[in-house]
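>>> what's the 3D shape of this:
(one chain, ligands or ions: 1)
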Amino acid sequence: MRADTVQSIYYNQAPDALRREIAAMLNRIWPDDSLMSSGTIPATHDESLNARSFFAYVDGRLVSYAGVVRKSIKHEGHFFNIAGLSCVATHPDYQAQGLGLQTVAAATQWMEQSGADWGIFTCKPHLAGFYDRAGAWPVVPNVTLIGSRDTGALSSESLQVVVLMRLFSAKAYAYESILRHTTIDLGLPVGHFL
Ligand SMILES: CC(C)(COP(=O)(O)OP(=O)(O)OC[C@H]1O[C@@H](n2cnc3c(N)ncnc32)[C@H](O)[C@@H]1OP(=O)(O)O)[C@@H](O)C(=O)NCCC(=O)NCCS
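Alright, predicted model coming up:
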């Protein structure tokens, strides 16, 4: 399987058939019967996050997926455009064949060129090596990521996940000192996270 087999499209422009395939594959990993039985296609990404979808087919079946979501946040008085990986998954029958590395590599390359100041997301500690291999994503031990400061908001600490972060823009490097040893507020609704 070669990396150029990874396809990509803005999720907001994806046809219903593709959205359905993405939702069905992700439902194998994170089952949500209420969504899949309702007849409507569950939205994989919130429209406001202007997601870019990366996906690979094998034998005509969508089997690996990685989304890049984007938003603007204010951190210590400065605005930044940030991007993050979301809904990274490979169908259980197709795992350990290099597909996840390919979709995440393609998503990371796109993110590097996307105009985002930095990329940030979280993963379970045992997957840190996977993201390092796929996109040179380092764990930043002194950064805490929070969905928001609202009661009940999710955080990297409460979820016991590690924070992965890469700086992309000159602006990000110029402000690097405020991006270390800090808490970064994503400004997301309660229950949402990266
Ligand atoms: C994580 C996931 C996307 C990897 O997809 P994949 O297509 O199986 O990954 P690849 O075959 O490209 O993996 C290549 C390497 O990543 C690492 N890796 C992959 N899955 C791993 C896992 N579950 N635990 C630890 N390392 C893993 C391995 O080093 C592997 O290399 P190896 O096969 O030489 O040992 C897939 O296991 C998955 O869908 N998991 C469930 C959903 C999930 O946890 N998503 C991540 C949310 S942050």
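
>>> for the helix or strand containing residue 25, buried residues please.
Mapping residue 25 onto the secondary structure by DSSP states H and E places it in helix 16-29. Across helix 16-29, burial judged by 16 or more other Cβ atoms under 10 Å covers 18, 19, 21, 22, 23, 25, 26. Where you see a C-beta, it was placed from the backbone N, CA and C, and this is true even at glycine.

>>> what about it and the ligand, any contact?
Yes: Helix 16-29 lies within reach of the ligand by Cβ under 6 Å from any ligand atom, at residue 29.

>>> need the contact partners of that helix.
With Cβ atoms under 8 Å, 6 or more residues apart in numbering as the test, helix 16-29 has contacts from 9, 11, 14, 35-36, 41-44, 53, 55, 62-63, 65, 87, 89, 91-92.

>>> which neighbouring elements make contact with the helix or strand in which residue 110 is found?
According to DSSP H and E, residue 110 maps onto helix 99-112. Contact partners of helix 99-112 among helices and strands, from 3 or more Cβ pairs under 8 Å, 6 or more residues apart in numbering; DSSP states H and E: strand 7-10, strand 52-58, strand 61-75, strand 78-90, helix 128-135.

>>> how far off centre is stretch 70-82?
Offset of stretch 70-82 from its chain centre (Cα atoms, centre = their mean, to the nearest Å): 17 Å.

>>> give me the residues contacting it.
Applying Cβ under 8 Å, 6+ apart, the contact partners of stretch 70-82 are 48-52, 83-84, 114-120, 171-172, 175, 178-179, 182, 184-188.
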